[in-house]
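**Student:** the sequence isn't on hand, but the structure is:
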Ligand code: HEM
Ligand code: HEM
């Protein structure tokens with residue numbers, strides 16, 4: 001079927017008796033369509049947030065080059081537009097798209113129809129309402145004052161909790177009535193993410209902590225929002241896409257187990273590495289640095305597992321944008337995690353803390369890993385739910401080149417600029433102004449990257465519109481890159 005570039009096997013796990021698991025295309029299609037409403041709703045809303053978050057990210061970036069840019073209105077000042085960018089991207093774009101990915105994956109992997117689809121629709125709408133209220137209040141100057149938890153504790157957060165819980169209820173209900181005994185790797189990651197997210201979000205928002213305690217709980221939340229929510233759902237998606245598209249089981253079940261439990265065990269202890277040098281008991285910092293170093297175990301296990309699953313079939317990326325994006329995202333996960341482990345070492349953190357290096361790391365993770373994985377998921381899932389093909393190969397190519405290329409530029413220039421800034425801050429006798437001056441060319445290049453990436457987002461949104469709301473998607477009978485194959489074969493013939 002669509003995007004299946006190798007054999008049509010659907011299994012992910014090498015320990016299974018695959019012959020018992022074959023199911024018809026009609027059956028798979030029925031699972032896909034059972035979640036059509038919430039899946040499409042979540043994807044469409046997430047793309048609107050992507051565009052809003054992009055404008056906010058661009059404005060934040062331009063302000064580094066021209067601090068007076070759009071500064072007459074209070075709601076456009078850096079202190080408001082920057083957290084608004086973070087919240088629009090993390091909770092609007094990434095999290096809403098992750099709801100759709102989860103709601104599509106679970107019925108497929110549990111071999112049953114999506115249960116409580118109505119609750120999932122209500123959940124996505126309530127989540128979106130909470131986010132709109134929170135962002136309007138944030139731009140109006142009402143913030144809880146905690147990083148990643150800026151949205152209003154009274155008017156926005158309860159709606160977010162109810163929204164995510166309703167989506168989670170649909171996921172867990174579907175899991176409870178599954179028709180397979182075995183739980184696929186992707187199911188562990190996706191299903192576990194929902195209770196984890198609810199626990200950390202509620203803990204992070206409890207208004208009972210003061211001063212240093214509050215900072216510690218703040219970073220317990222923010223780090224686990226990255227590790228036990230954004231990372232886990234996307235690893236679940238990548239664990240699905242890689243073997244599925246190339247038609248080969250996951251390389252090692254045992255490495256999957258090490259990856260999952262290692263992450264669950266060590267990630268939760270990592271949070272205090274954001275506060276190295278802060279006024280916390282040294283055992284807290286030391287524990288978090290040790291746990292950060294231990295993360296090498298699950299990260300390397302997942303990296304080897306992904307690599308060995310695809311090795312020898314990287315050529316298939318030519319026929320599948322979803323595979324291309326999933327492979328880049330998987331590699332970026334390894335890269336950002338190794339960079340993070342390095343950054344958690346005191347000797348490195350002394351230089352990089354409070355510099356643009358951290359922003360490079362953030363976007364390597366949240367863009368090259370999370371966002372590209374979600375784009376890959378959308379390229380794979382949307383045709384199956386809409387029953388249409390992507391209309392244009394050219395638009396797909398442009399989208400991947402502009403966003404991937406633009407973000408590589410973003411990460412590289414900020415990485416270099418960040419180290420130079422850190423060294424300049426530590427240099428005896430150099431004033432603060434010298435450190436600011438050392439970053440200017442790199443920040444200008446980041447704004448160039450921002451424009452390139454934004455063009456990629458516009459193209460993607462336009463392509464989704466063409467596919468979903470016009471006849472262009474119905475006109476095509478084959479997947480976008482299908483025709484490349486015969487062309488290559490013909491060229492080789494004498
Ligand atoms: C057009 C693409 C993007 C641009 C131009 C952009 C730009 C920016 C800028 C200028 C900042 C402020 C940096 C600073 O305070 O020094 C920032 C921060 C941030 N952005 Fe983006 N961004 C983009 C995409 C994204 C996406 C897709 C996500 C999440 C999925 C994201 C998540 C974040 C986060 C979490 C921060 C705070 C980072 C930190 O505190 O270390 N951004 N971004
Ligand atoms: C083993 C894995 C990882 C380790 C040890 C790690 C380590 C770190 C450290 C030490 C910092 C703080 C830097 C500073 O403030 O000086 C940090 C910040 C950050 N990391 Fe990671 N990281 C890891 C994986 C990831 C992944 C997978 C993502 C994205 C999905 C990510 C996203 C971020 C973001 C967004 C920040 C900035 C938070 C903020 O200041 O707003 N990290 N990381």
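**Tutor:** That came through, no problem. This is a predicted model, so every value here is computed, not measured. Ligands and ions are numbered 1, 2, ... in the order given.
**Student:** make it CA atoms for all contacts and neighbour counts henceforth
**Tutor:** Will do.
**Student:** and residue 430, that one's in a strand?
**Tutor:** No - applying DSSP: H, G, I helix; E, B strand; the rest coil, one finds residue 430 to be coil, outside a strand.
**Student:** these two touch, right, it and residue 424?
**Tutor:** Yes - contact criterion Cα atoms under 8 Å: residue 430 and residue 424 qualify, at 7.0 Å.
**Student:** so between the two, which is more surrounded?
**Tutor:** Neighbour tally, residue 430 and residue 424, criterion other Cα atoms under 10 Å: the higher count belongs to residue 424, 22 against 11.
**Student:** the strand or helix carrying that one near ligand 1 anywhere?
**Tutor:** Per DSSP states H and E: residue 424 is located in helix 393-426. No - contact of helix 393-426 with ligand 1 (Cα under 6 Å from any ligand atom) is absent, the minimum separation being 7.7 Å.
**Student:** tell me which strands and helices that helix is in contact with?
**Tutor:** On a contact count with 3 or more Cα pairs under 8 Å, 6 or more residues apart in numbering; DSSP states H and E, helix 393-426 meets helix 346-352, helix 356-363, helix 432-469.
**Student:** mind checking the SS state of the residue nearest to residue 474 when sequence neighbours are not counted?
**Tutor:** Sequence neighbours aside, residue 388 is the residue nearest to residue 474 in space, at 5.2 Å (criterion: Cα to Cα, 6 or more residues apart in numbering). Three-state call for residue 388 (three-state DSSP): coil.
**Student:** how many other residues sit next to residue 388?
**Tutor:** Counted by other Cα under 10 Å, the residues lying close to residue 388 total 21.
**Student:** contact residues of the stretch 101-250 of the chain facing ligand 2?
**Tutor:** Within the stretch 101-250 of the chain, the positions lying close to ligand 2 (Cα under 6 Å from any ligand atom) are 226, 230-231.
**Student:** can you tell me how far residue 332 is from residue 115?
**Tutor:** Distance, residue 332 to residue 115, using Cα to Cα, to the nearest Å: 34 Å.
**Student:** and residue 451, by the same measure?
**Tutor:** Residue 451 sits 42 Å away from residue 115, going by Cα to Cα.
**Student:** before we move on, what about residue 281?
**Tutor:** Taking Cα to Cα, one finds residue 281 at 47 Å from residue 115.
**Student:** who has more neighbours out of those two?
**Tutor:** A direct count of neighbours by other Cα under 10 Å for residue 281 and residue 115 places residue 115 higher, at 22 against 9.
**Student:** quick check: that one touching residue 168?
**Tutor:** No - assessed by Cα under 8 Å, residue 115 is found out of contact with residue 168, at 11.0 Å.
**Student:** circling back to that earlier point, tell me which of the helices and strands packed on helix 393-426 is the most buried.
**Tutor:** The highest average neighbour count among these, using mean count of other Cα atoms under 10 Å, belongs to helix 356-363 at a mean of 21.
**Student:** that helix and ligand 1 in contact?
**Tutor:** Yes - contact between helix 356-363 and ligand 1, assessed by Cα under 6 Å from any ligand atom, occurs at 356, 358-359, 362-363.
**Student:** TSV for these, including pLDDT and distance to ligand 2?
**Tutor:** Output for those, formatted as TSV (pLDDT from 0 to 100; distance: Cα to the nearest ligand atom, whole Å):
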residue	pLDDT	distance to ligand 2
356	97	10
358	98	5
359	98	7
362	98	4
363	98	7
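**Student:** that older thread, buried stuff in the helix holding residue 424?
**Tutor:** Residues of helix 393-426 classed as buried: 395-396, 399-400, 402-404, 406-415, 417-425 (neighbour count, 16 or more other Cα atoms under 10 Å).
**Student:** just the angle between it and helix 432-469, please?
**Tutor:** Between the axes of helix 393-426 and helix 432-469, defined by axes from the mean of the first three to the mean of the last three Cα atoms, to 10 degrees, the angle is 160 degrees.
**Student:** average model confidence for helix 393-426?
**Tutor:** In this model, helix 393-426 has an average pLDDT of 97.
**Student:** quick revisit: filter the residues of the stretch 101-250 of the chain next to ligand 2 to the buried ones?
**Tutor:** By 16+ other Cα under 10 Å, these give 226, 230-231 as buried.
**Student:** could you dump those residues into CSV with pLDDT and secondary structure added?
**Tutor:** Putting these into CSV (pLDDT from 0 to 100; DSSP: H, G, I helix; E, B strand; the rest coil) gives the following:
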residue, pLDDT, secondary structure
226, 97, helix
230, 98, helix
231, 98, helix
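**Student:** turn the residues you listed into a markdown table, columns for distance to ligand 1.
**Tutor:** Shown next, in a markdown table, are these (distance: Cα to the nearest ligand atom, whole Å):
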| residue | distance to ligand 1 |
| --- | --- |
| 226 | 9 |
| 230 | 9 |
| 231 | 11 |
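**Student:** my guess is residue 109 contacts residue 185. True?
**Tutor:** No - look at residue 109 against residue 185 with Cα under 8 Å: they stay out of range, at 9.7 Å.
**Student:** more crowded one of the two?
**Tutor:** residue 109 (24 against 21).
**Student:** show me what the helix or strand encompassing the more buried one is packed up against.
**Tutor:** Taking DSSP H and E as the definition, residue 109 sits inside helix 95-110. Packing partners of helix 95-110 (3+ Cα pairs under 8 Å, 6+ apart): helix 25-34, helix 36-65, helix 157-176, helix 185-205, helix 231-246, helix 372-386.
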